[in-house]
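In: Make a model of this:
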Amino acid sequence: MTVARLRHIPGFAIDEVAARAGANPDVLRMENLDTDLPPPQAAIAATVAAVESDDANSYLPFVGTEDLRSAVAERLTRQTGEHYGPKQVVITAGGTEGMFDALLATTDPGDEVILTDPTYAGMINRVRLAGAVPRLVPFVRNGAGWLLDLDALRRAAGPRTRAIFIMNPSIPSGAVLTAEAWTEIGRLCGERNCWLLYNAAMERILYDGRVVIHPCMLPGIATRTLVIGSMSKEYRMIGWRVGWVAGPTEIMADVGRVHLYNVVTPPGLGQRGAAAVLRSTADDVPVAVSEWERRRDAVVAELEGLPLVPAARGWSMLLDVRAMGHDSFAASRRLLERGLVAATPMRDWGETNGDRFVRLVFSNEPVARLRGLGERVRRSL
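Out: Next up, the predicted model:
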């Protein structure tokens with residue numbers, strides 16, 4: 001018998017699509033948020049050295065090494081203009097653990113958490129696992145992109161709202177919040193006395209000359225914000241499983257307590273590599289972003305004339321398969337069977353913007369392999 005907390009939590013369709021794709025080299029792997037671009041050399045060198053270090057093969061310190069916590073604090077101070085110290089940082093086993101820690105430290109069962117529609121299903125369902133209630137606010141299509149419906153955001157905020165849980169840029173859509181949207185989110189957090197849980201895992205992966213708007217740069221927001229970061233996306237260190245939660249001193253003891261009884265300690269070997277990268281003067285993120293932008297542009301060109309919403313940032317974007325006569329699961333099956341394209345159905349990733357879309361991840365396939373995608377999609381759908 002399924003326990004109550006799991007009754008409305010589906011499994012991921014990502015691994016199901018991946019299993020059907022198998023090891024066929026002709027399949028375009030656009031289902032999982034992976035990338036083939038290598039991690040920084042500094043991460044590899046420091047991690048290899050850590051393998052023989054006794055200190056790196058330890059449970060302690062539970063909330064992360066002082067060096068890595070300091071490196072994260074220094075990065076946030078540079079980004080935001082707000083002062084962060086190492087005691088305001090808890091290192092986690094990836095950003096995904098950080099999300100759950102932040103939710104458990106800020107919400108009680110029955111509290112409401114506002115998220116965008118669509119958003120990463122792992123965010124929506126961690127809200128449910130924490131016992132809170134997701135309230136989804138839709139992105140609306142605006143020309144060739146997405147805008148958050150600010151009127152719907154205001155309507156969603158109520159007396160039971162305890163957190164606004166935002167990823168920017170958003171998975172799976174690649175949507176980017178405007179300064180106006182961030183200002184309204186900050187105003188609502190103050191008005192409702194609630195937390196902003198900011199999933200910053202992809203914040204520097206942006207295209208078309210856009211600049212990062214970190215919410216903690218805006219007046220009054222930092223004191224109500226938990227920043228959830230990760231080495232997985234910008235730095236391509238997916239297998240290291242290193243992330244963090246950072247925020248005001250008064251809440252971080254609770255975040256650390258949740259982390260302690262959730263995971264105990266982040267991987268010691270990975271922390272060495274993460275600290276080396278954050279302290280390195282060689283920043284290769286712009287080079288990686290330039291390559292991902294080329295791949296995004298290749299997909300947009302291949303699918304010209306089809307109901308695709310181009311990504312402003314991130315690693316993925318959405319194709320409106322309902323406009324082509326399909327639901328997301330049927331379209332995903334047809335794309336794989338007829339076109340050898342592995343794509344994830346979005347049924348459980350939103351309400352307004354859920355089942356009508358499939359996600360196409362463009363970060364894991366080089367431009368040369370993306371040529372011909374348009375013919376494959378048209379043949380399938």
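
In: show me where this protein has helices.
Out: 14-21, 41-50, 66-80, 94-106, 121-129, 150-156, 179-192, 249-262, 268-279, 285-302, 328-339, 367-370, 373-380 (DSSP state H).

In: okay if I get those helices as JSON lines plus distance to residue 170?
Out: Where you see a C-beta, it was placed from the backbone N, CA and C, and this is true even at glycine. Formatted as JSON lines, the helices of the chain follow (distance: least, Cβ to Cβ, whole Å):
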{"stretch": "helix 14-21", "distance to residue 170": "17"}
{"stretch": "helix 41-50", "distance to residue 170": "26"}
{"stretch": "helix 66-80", "distance to residue 170": "19"}
{"stretch": "helix 94-106", "distance to residue 170": "14"}
{"stretch": "helix 121-129", "distance to residue 170": "10"}
{"stretch": "helix 150-156", "distance to residue 170": "14"}
{"stretch": "helix 179-192", "distance to residue 170": "11"}
{"stretch": "helix 249-262", "distance to residue 170": "23"}
{"stretch": "helix 268-279", "distance to residue 170": "24"}
{"stretch": "helix 285-302", "distance to residue 170": "15"}
{"stretch": "helix 328-339", "distance to residue 170": "17"}
{"stretch": "helix 367-370", "distance to residue 170": "22"}
{"stretch": "helix 373-380", "distance to residue 170": "23"}
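
In: winner for burial among those helices?
Out: helix 94-106 (a mean of 25; mean count of other Cβ atoms under 10 Å).

In: How about the contacts made by residue 296?
Out: For residue 296, the contact set (Cβ atoms under 8 Å, 6 or more residues apart in numbering) comprises 174, 207, 310-311, 317, 362.

In: how about JSON lines for those, with neighbour count, pLDDT and distance to residue 200 added?
Out: JSON lines is the format used below for the contacts of residue 296 (neighbours: other Cβ atoms under 10 Å; pLDDT from 0 to 100; distance: Cβ to Cβ, whole Å):
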{"residue": "174", "neighbour count": "26", "pLDDT": "95", "distance to residue 200": "15"}
{"residue": "207", "neighbour count": "20", "pLDDT": "96", "distance to residue 200": "17"}
{"residue": "310", "neighbour count": "18", "pLDDT": "96", "distance to residue 200": "22"}
{"residue": "311", "neighbour count": "30", "pLDDT": "96", "distance to residue 200": "17"}
{"residue": "317", "neighbour count": "26", "pLDDT": "97", "distance to residue 200": "20"}
{"residue": "362", "neighbour count": "26", "pLDDT": "98", "distance to residue 200": "21"}
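
In: So which of those sit within strands?
Out: Among these, DSSP state E puts residue 317 in strands.

In: and which of the contacts of residue 296 is nearest residue 77?
Out: Nearest to residue 77 among the contacts of residue 296, counting by Cβ to Cβ, is residue 207 at 26.5 Å.

In: Pull up the gap between the nearest residue to that closest one once chain neighbours are set aside and residue 7, please.
Out: Spatial nearest neighbour of residue 207, chain neighbours left out: residue 293 (4.6 Å); criterion: Cβ to Cβ, 6 or more residues apart in numbering. The gap separating residue 293 from residue 7 is 41 Å, by Cβ to Cβ, to the nearest Å.

In: go on, residue 138?
Out: From residue 138 to residue 7 the distance is 25 Å (Cβ to Cβ).

In: Neighbour count for the two, which is higher?
Out: Neighbour count, other Cβ atoms under 10 Å: between residue 138 and residue 7, residue 138 has more, with 19 against 8.

In: how near is that one to residue 372?
Out: The gap separating residue 138 from residue 372 is 33 Å, by Cβ to Cβ.

In: just residue 321 next, same as before
Out: Relative to residue 372, residue 321 is positioned 19 Å away (Cβ to Cβ).

In: With neighbour numbers in mind, choose between the two.
Out: When residue 321 and residue 372 are compared for neighbours, residue 321 comes out ahead with 28 against 12, by other Cβ under 10 Å.

In: residues contacting that one?
Out: 327-328, 330-331, 356-358, 381 are the contacts of residue 321 under Cβ under 8 Å, 6+ apart.

In: If we use 7 Å, what do you get?
Out: Shown in contact with residue 321 (Cβ atoms under 7 Å, 6 or more residues apart in numbering): 328, 331, 356-358, 381.

In: And residue 373, by the same measure?
Out: Neighbours of residue 373 in contact, by Cβ under 7 Å, 6+ apart: 28, 299, 302-303, 341.

In: pLDDT value on it, please?
Out: Note for residue 373: predicted pLDDT of 98.

In: Can you tell me how far it is from residue 307?
Out: Residue 373 sits 15 Å away from residue 307, going by Cβ to Cβ.

In: Check residue 113 too.
Out: Relative to residue 307, and taking Cβ to Cβ, residue 113 is found at 30 Å.

In: The two: who's more crowded?
Out: Neighbours were counted for residue 113 and for residue 307 using other Cβ under 10 Å; residue 113 has more, 27 against 15.
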